[in-house]
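> With the sequence up front, the predicted model follows.
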Amino acid sequence: MTKARVFSGVQPTGHLHIGNYLGAIQNFVRLQHEYDCIFCVVDLHAVTVYQEPAELRRKIREIAALFIACGIDPNVATLMVQSSVSGHAELGWLLTCVTPLGWLERMTQYKDKSAKQETIGAGLLQYPVLMAADILLYQSKIVPVGDDQSQHLELTRDIAQSFNSRYGDTFTVPATKLPTHGARVMGLDDPEKKMSKSATGTSHAIGLLDDLAQAKKKIMRATTDSNPAVDFETMGPGVRNLLGIYQAFSGASNEQMQNEFAGLRYGDLKKKVAEQVAQSLEPIQARYREVTTGNLDDLLRQGANRIRPVAEATVRLTKDRMGLYT
Ligand code: AQP
């Protein structure tokens, strides 16, 4: 029996943080043996805002190396770069033509990001359609992402269903896969806001490649609340976030969490979280140093070559359904 397809992507921008890992990449690693997985460095998404070209080139390889360092086996899952398969952009255009503008203007990420820009590129508005194309191009059934992408996945399903009902069955309608813990890791300095690559606060996020002593310090400085110790009934968002990070990294059950943390003073809570985070990041960082010395470009090219025929078949089918010249 053929395995169901899984697709997900990560943008080559900023520094990958523990939110990206716990929300998405940790699930990639778990799913790779059970499904036919494609994990993609989505560089076409990155250029919706200006990227310095040399830095973008470097970042693409950094994300690919981090995928492998986190545990993705390129002999099992397909690793590739979005712009090396032209079907992403091609299907993106075809789907743009069937997507109502109002659907895109409602996207909360567009509203947040456009509010921060002086001039808004059209690509920023269109980005969720390109994301829909990435997923539908491979007839993906499952898309592991963090919770911030749930609305874009909803849009992807709306686009697929509206295309299928207008032109006949063409696309698999995908399901969102959120992790049980860590679906929305919050900023350490402001637990009301999602941990984000583009946030500027020095104690906001823990990068996967952060110096471990610095990472621990950031956790010791994390915002908590006015209680003296962990109370699972009344805890505020900062404490909930720290416990969530611990649980997502350690895999502890709810009962184990209660036993280990109920009544613990915040200083001791932070020490335990800091130790757990450092212990989990250490092997990733060690592997990253090994991976960056290997030939990543060959791997990424092989990944794209392996999967390109699937993309071409979907573009051909879509064009045919729409009456375009094939
Ligand atoms: N805070 C988070 N908690 C859980 N999951 C998260 N993800 C992002 N932030 C969190 C998930 O990480 C995957 C890759 O994200 P991306 O590279 O596509 O970019 P993003 O979602 O735009 O990441 P950031 O950090 O929020 O970047 P900026 O600041 O540029 O917007 C996705 O599956 C995402 O859900």
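Looks like it arrived, so ask away.
> I18 - how many residues pack around it?
I18 has 25 neighbours, counted by other Cβ atoms under 10 Å. C-betas here are computed from N, CA, C, even on glycine.
> I'd say it and D210 touch.
No - using Cβ atoms under 8 Å as the test, I18 is too far from D210 to be in contact (9.1 Å).
> what sits in contact with each of the two?
Common neighbours of I18 and D210, counting by Cβ atoms under 8 Å, 6 or more residues apart in numbering, are L281.
> and the closest residue to E192 other than its chain neighbours, what is it in contact with?
Leaving aside its chain neighbours, E192 sits nearest to P237 (6.2 Å; criterion: Cβ to Cβ, 6 or more residues apart in numbering). P237 makes contact with M186, P191, E192, according to Cβ under 8 Å, 6+ apart.
> Ok, L296 next?
Listed by Cβ under 8 Å, 6+ apart, the contact set of L296 reads R61, A64, A65.
> mind listing which of those are in helices?
Here DSSP state H is the test, and the contacts of L296 give R61, A64, A65 as lying in helices.
> how about stretch 175-187: buried residues?
Using 16 or more other Cβ atoms under 10 Å as the test for burial, stretch 175-187 gives T176, K177, L178, P179, H181, G182, A183, R184, V185, M186, G187.
> try stretch 132-148
Residues 132-146, 148 are the ones in stretch 132-148 that count as buried (16+ other Cβ under 10 Å).
> hmm, back to that, from the contacts of L296, pick the one nearest the ligand.
Nearest to the ligand among the contacts of L296: A64, at 13.0 Å, using Cβ to the nearest ligand atom.
> pretty sure that closest one contacts L79?
Yes - here A64 reaches L79: they are 6.0 Å apart, a contact under Cβ under 8 Å.
> who touches both of those two?
Jointly contacting A64 and L79 under the rule Cβ under 8 Å, 6+ apart are V41, L299, L300.
> Wait, the last one touches S83, no?
Spelled out, it's L300. No - the criterion here is Cβ under 8 Å, and L300 misses it with S83 at 10.8 Å.
> Compare those two (neighbour count), which wins?
Neighbour count, other Cβ under 10 Å: between L300 and S83, L300 has more, with 21 against 18.
> show me what contacts that one?
Contacts of L300 (Cβ under 8 Å, 6+ apart): V41, A64, L79, M80, V81, S84.
> What segments of this structure are strands?
Counting by DSSP state E, the chain has strands at residues 5-10, 36-41, 78-81, 142-144, 175-177.
> Compare the ones you listed and give me the one nearest the ligand.
strand 5-10 (4.2 Å).
> Which neighbouring elements make contact with that closest one?
helix 26-31, strand 36-41, helix 122-137, strand 142-144 (3 or more Cβ pairs under 8 Å, 6 or more residues apart in numbering; DSSP states H and E).
> Please repeat the previous calculation with a cut-off of 10 Å.
Applying 3 or more Cβ pairs under 10 Å, 6 or more residues apart in numbering; DSSP states H and E, one finds that strand 5-10 contacts helix 26-31, strand 36-41, helix 43-46, helix 53-70, strand 78-81, helix 122-137, strand 142-144, helix 296-322.
> now those as JSON lines including mean pLDDT and distance to the ligand?
Listed next are those as JSON lines, based on pLDDT from 0 to 100; distance: least, Cβ to the nearest ligand atom, whole Å:
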{"stretch": "helix 26-31", "mean pLDDT": "98", "distance to the ligand": "9"}
{"stretch": "strand 36-41", "mean pLDDT": "98", "distance to the ligand": "9"}
{"stretch": "helix 43-46", "mean pLDDT": "98", "distance to the ligand": "7"}
{"stretch": "helix 53-70", "mean pLDDT": "97", "distance to the ligand": "8"}
{"stretch": "strand 78-81", "mean pLDDT": "98", "distance to the ligand": "14"}
{"stretch": "helix 122-137", "mean pLDDT": "96", "distance to the ligand": "9"}
{"stretch": "strand 142-144", "mean pLDDT": "98", "distance to the ligand": "7"}
{"stretch": "helix 296-322", "mean pLDDT": "97", "distance to the ligand": "17"}
